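**Q** what shape does this take:
(one chain, ligands or ions: 1)
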Amino acid sequence: SGMDNKMVMGHPAGLFVLFFTEMWERFSYYGMRALLTTFLITEIAKGGWGWTNESAMSLYGWYTMLVYATPIIGGYIADKLTGQRKAILIGALLMTLGHASMALEGFEKNFFFLGLGLMILGNGMFKPNISSMVGQLYPNTSAKKDAGYTIFYMGINAGSFLGSLLCGYLGEKIGWHYGFGLAGIFMFFGMLQFFVAQRVFGIVGEQPKKEEVKSTEEEETPKHVVRDRLIVVAVLMIASIFFFLAFEQAGGSMTIFAKNYTQRILEGTQAITFKWLDALLTIIPIAAVTFVLFKLSAKIFDKYPLTIIFTLISFASIAILGIWKVYREFTAIDTEVTVAWFQILNAFFIVTFASLFSKLWEKIWNPSGPVKFALGLLLVGIGFIVLAYGSSSIPKGAETAAVSMVWLVLAYFFHTMGELCLSPVGLSYVSKLSPKKLLGLIFGFWFLASAIANKIGASMGGMIDKISQEYSMSVFFLIIAALPIVVALILLLLNPMLKKKMHGIK
Ligand code: GLN
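**A** Numbers count the residues shown, from 1 in each chain. So this is what the prediction gives:
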């Protein structure tokens, strides 16, 4: 590739520039998202907009759909006109302005909507192109490419973790515009950092592909091979819709559970011993696993030094999560365990376990892409079976239900392990299987899967209530569990055919 070969910790130096740019961008994206619905439904006297839950979820659904739909346009613009680097900078600038605009909602309500619009456009220019740049730092055949995407994915979730925690806290406790504003400040620094450091990329992402030297490997790839590989990408995308769909749905239904659970505690109908037991049962396994990871990773450090940083972050996170949980349970504050909480838990599990999965593929077992996807979908199914079991004591049509947090955390654990088989792996496969000239566009299609899932997921929330009137909660979760499991089985059946169509790409 066209990189100068400066390496840092075994990876191209450019990876770390992309890592931190994406980390701060995701800090602001998830930080803002953690505030969005809570802000909208908070009563006007407390600085919110006093919307109904339904309207807030509707806006949330549209927003998260559009944010992941525009990457098709942004990816294509970078392919044909600007190249990735300019597109990333334009996107980052639009998003910085978007966050600034949202922070001004107190002066003029329309600034809020203007902000959302700018962020939708900005993310379209940013997300597909930063994702495709990661892969271009490595030769297509390099096994390091997968590891590169895993590290990048840790950056995404380190940002999500910090953003949800800090913006969530500032927004709810100090003032909404401080939360929105903080998101904007970090977006700005992410942009600045990318701008200053971009020389490290050499010619990567500088020009659209058509103007580059004609002797790339792709020019020699026969047409039917390109077509076959795109078929594989398309099949993986369809499978990923079922993943993100189930995942979004889980967030929605678990939020309802968690709210009811918290309500019971606040009303004092939950025995105190239960709170401690739940807290301990949540924290001890996480601490134990992190401890084992920490021990194991001593051997890995020389080869994979980022692990040390992230294990330390994990330890800090456990403390924060534990304190956070106990704090929320024992103070009669007017907040609930909301979407933000699960966002934080999800990011936490990713940062903790990502390197373990990447080691698994690298050293122990490296099945084909479709098999990894199938495994991811099976894990999602298992997560829902856990929820079905956990909710089996709830009578049908119950208005509120108290379900132990242990089930929620365990389910989210399985779902996040599924994500690790699917999402970072998916980015890497899109990068390897796509023709270089259309890289941005195809990454755009990859994110379109999330767009569709986000929209359907958000509007499925209402279904829970209806179904639980007629059947029990458990039945509802078993139905949702069946969906990804069936898709997983189909993928396993298709695997031999898909593998052939990948023409040697691992
Ligand atoms: N959490 C990942 C990210 O923010 C995955 C997003 C997605 O929906 N594909 O990049």
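
**Q** quick one, grab the pLDDT at the residue nearest to residue 480 when sequence neighbours are not counted.
**A** Computed as C-beta to C-beta, 6 or more residues apart in numbering, the closest residue to residue 480 that is not its neighbour in sequence is residue 384, at 5.0 Å. Backbone N, C-alpha and C define where each C-beta goes, glycine included. Reading off the confidence values, residue 384 has pLDDT 90.

**Q** give me every residue that touches the residue of the chain found nearest the ligand.
**A** Among the residues of the chain, residue 450 lies nearest to the ligand; the distance is 3.2 Å by C-beta to the nearest ligand atom. By C-beta atoms under 8 Å, 6 or more residues apart in numbering, the contact set of residue 450 is 68, 240, 244.

**Q** inside helices: which ones of those?
**A** In this view, the contacts of residue 450 that belong to helices under DSSP state H are 68, 240, 244.

**Q** neighbour-wise, which one of those residues leads?
**A** Within those, most neighbours by other C-beta atoms under 10 Å means residue 68, with 26 neighbours.

**Q** nearest residue to it in space, please, no chain neighbours.
**A** Ranked by C-beta to C-beta, 6+ apart and with sequence neighbours excluded, the top spatial neighbour of residue 68 is residue 451, at 3.7 Å.

**Q** for the protein, just list every one of the strands.
**A** For the chain, the strands identified by DSSP state E occupy 7-8, 11-12, in order along the chain.

**Q** follow-up on the earlier one: for the residue nearest to residue 480, grab the count of nearby residues.
**A** 26.

**Q** measure residue 62 to residue 55 for me?
**A** Using C-beta to C-beta, to the nearest Å, we find residue 62 at a distance of 11 Å from residue 55.

**Q** the more surrounded of those two?
**A** Just comparing residue 62 and residue 55: by other C-beta under 10 Å the higher neighbour count belongs to residue 62, 16 against 13.

**Q** and the pLDDT for that one?
**A** 90.

**Q** ok, now the one 3 residues further on?
**A** As summarised for this prediction, residue 65 has a pLDDT of 91.

**Q** ok now do the residue nearest to it when sequence neighbours are not counted, which residues does it touch?
**A** Sequence neighbours aside, residue 455 is the residue nearest to residue 65 in space, at 3.8 Å (criterion: C-beta to C-beta, 6+ apart). By C-beta under 8 Å, 6+ apart, the contact set of residue 455 is 61, 62, 64, 65.

**Q** what does residue 448 give?
**A** If you count contacts by C-beta under 8 Å, 6+ apart, residue 448 has them with 68, 69, 71, 72, 237.

**Q** before we move on, back to that, switch the strands of the chain over to TSV; also include distance to the ligand.
**A** TSV is the format used below for the strands of the chain (distance: least, C-beta to the nearest ligand atom, whole Å):
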stretch	distance to the ligand
strand 7-8	23
strand 11-12	19
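
**Q** most packed of the ones you listed?
**A** Mean neighbour count, computed with mean count of other C-beta atoms under 10 Å, is highest for strand 11-12 among the strands of the chain, reaching a mean of 22.

**Q** near the ligand, which residues of the stretch 151-300 of the chain are found?
**A** By C-beta under 6 Å from any ligand atom, the residues of the stretch 151-300 of the chain that approach the ligand are 156, 244.

**Q** quick one: low-confidence parts of the stretch 151-300 of the chain?
**A** Counting by pLDDT under 70, the ranges of the stretch 151-300 of the chain that qualify are 210-219, 251-300.

**Q** rerun that using 90 as the cut-off
**A** Where the stretch 151-300 of the chain drops to pLDDT under 90, the residues are 151, 161-175, 177, 183, 198-300.

**Q** list the contacts for the residue nearest to residue 68?
**A** Counted by C-beta under 8 Å, 6+ apart, residue 451 has contacts 64, 65, 66, 67, 68, 69.

**Q** leaving out chain neighbours, which residue sits closest to the third one?
**A** On the basis of C-beta to C-beta, 6+ apart, the spatially nearest residue to residue 66 that is not a chain neighbour turns out to be residue 120, at 4.6 Å.

**Q** as a markdown table, the contacts of residue 448 with distance to residue 19 would be great.
**A** Listed next are the contacts of residue 448 as a markdown table, based on distance: C-beta to C-beta, whole Å:
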| residue | distance to residue 19 |
| --- | --- |
| 68 | 21 |
| 69 | 25 |
| 71 | 19 |
| 72 | 25 |
| 237 | 25 |
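
**Q** report the two of the residues you listed separated the most.
**A** 69 and 237 (13.6 Å; C-beta to C-beta).

**Q** name the residues of the stretch 351-500 of the chain found near the ligand, please.
**A** For the stretch 351-500 of the chain, the contact set with the ligand under C-beta under 6 Å from any ligand atom comprises 423, 447, 450.
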